[in-house]
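>>> What follows is a predicted protein model with its sequence.
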2 protein chains.
Amino acid sequence: MSNEQLDALREQLDEVNVKLLEQINERGRLVREIGDVKSKSGQKRFDPVRERHMLDHIAEHNEGPFYTSTVQHIFKQIFQAGLELQEDDNRKELLV
Amino acid sequence: MSNEQLDALREQLDEVNVKLLEQINERGRLVREIGDVKSKSGQKRFDPVRERHMLDHIAEHNEGPFYTSTVQHIFKQIFQAGLELQEDDNRKELLV
């Protein structure tokens, strides 16, 4: 019985993983677009004030079970990945 | 014009952040339930084979723009947070 329960929960976990993956990539596409708009108007890509604002927004919306510090740590990794994506785009632009 | 565009994109980004947050916490709830079932049947919480399976599943479903290695790195942080949540639960159980 507990194995069936475990299999069902794991199936749900795989579904959540795929949803997370899709949202992470959706975020990547948006960050790319933002980088593009900023680049055209000569603005810097990294904006620590905006990053702080996003972390605060996450804190306000966090209902757990994870601590806010834990989810903010994960989001910092996601922000970093987004920044690297913009830097890649920038490098490719410079090579054209 | 580009500032309006930027504001609209940032609004979309905030929405994606909240969706991500919700899925991360939904994942936390599932991981907790799994830890509970495993604990009752005397199974270890950390299962490297299952973790490998999840990372492979993520690789299969990744359509970019992020590289698979990048999303897998983010997921490893999410897995780690889940494990810490289960350990917290375990500690509380031992204290009861």
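Okay, I see it. Numbering: from 1, shown residues only, chains lettered A, B, ... in the order given.

>>> Excluding covalently adjacent residues, which one is nearest to A:Gln23?
In this structure, A:Gln23 finds its nearest non-sequential neighbour in B:Leu20, 4.8 Å apart by Cβ to Cβ, 6 or more residues apart in numbering or on different chains. (Glycine included, C-beta is placed from N, CA and C.)

>>> swap in A:Glu26?
Using Cβ to Cβ, 6+ apart, the nearest residue to A:Glu26 is B:Val16, at 5.6 Å.

>>> Just confirm that neighbour contacts A:Gln23, I think it does.
Yes. The pair B:Val16 / A:Gln23 is scored as a contact, 5.8 Å apart, by Cβ atoms under 8 Å.

>>> just so I have it, where are all the helices in chain A?
A:2-40, A:48-61, A:68-95 (DSSP state H).

>>> and those, which one is worst for confidence?
For these, mean pLDDT drops lowest on helix A:68-95, to a mean of 91.

>>> Show me the residue sitting in the middle of chain A in space.
Most central in chain A under Cα atoms, centre = their mean is A:Ile78, positioned 3.9 Å from the mean C-alpha point.

>>> what's near enough to touch that one?
A:24, A:27, B:20, B:74 (Cβ atoms under 8 Å, 6 or more residues apart in numbering or on different chains).

>>> from the residues you listed, which single one is nearest A:Arg50?
Proximity of those to A:Arg50 was ranked by Cβ to Cβ; the top entry is A:Arg27 with 14.0 Å.

>>> thinking again about what came up before, quick one: contacts for the residue nearest to A:Glu26?
With Cβ under 8 Å, 6+ apart, B:Val16 has these contacts: A:23, A:26-27, A:30.

>>> who wins for most neighbours among the residues you listed?
Neighbour counts for these, by other Cβ atoms under 10 Å in any protein chain shown, peak at A:Arg27, which reaches 24 neighbours.

>>> now that residue: how far from B:Ile78?
From A:Arg27 across to B:Ile78, the span is 14 Å (Cβ to Cβ, to the nearest Å).

>>> same deal with A:Val49?
Taken as Cβ to Cβ, the span from A:Val49 to B:Ile78 is 26 Å.

>>> before we move on, what about A:Val37?
29 Å.

>>> likewise A:Glu4?
For A:Glu4, the distance to B:Ile78 - Cβ to Cβ - is 26 Å.

>>> for A:Pro65, same thing?
13 Å.

>>> okay, and the common contacts of those two?
By Cβ under 8 Å, 6+ apart, no residue touches both A:Pro65 and B:Ile78.

>>> Disregarding residues adjacent in the polypeptide, which is nearest to A:Asn62?
Per Cβ to Cβ, 6+ apart, closest to A:Asn62 is A:Thr68, 4.9 Å.

>>> so how many other residues sit close to the residue lying closest to A:Met54 once chain neighbours are set aside?
In this structure, A:Met54 finds its nearest non-sequential neighbour in B:Asn17, 6.0 Å apart by Cβ to Cβ, 6+ apart. Using other Cβ under 10 Å, B:Asn17 has 21 other residues around it.
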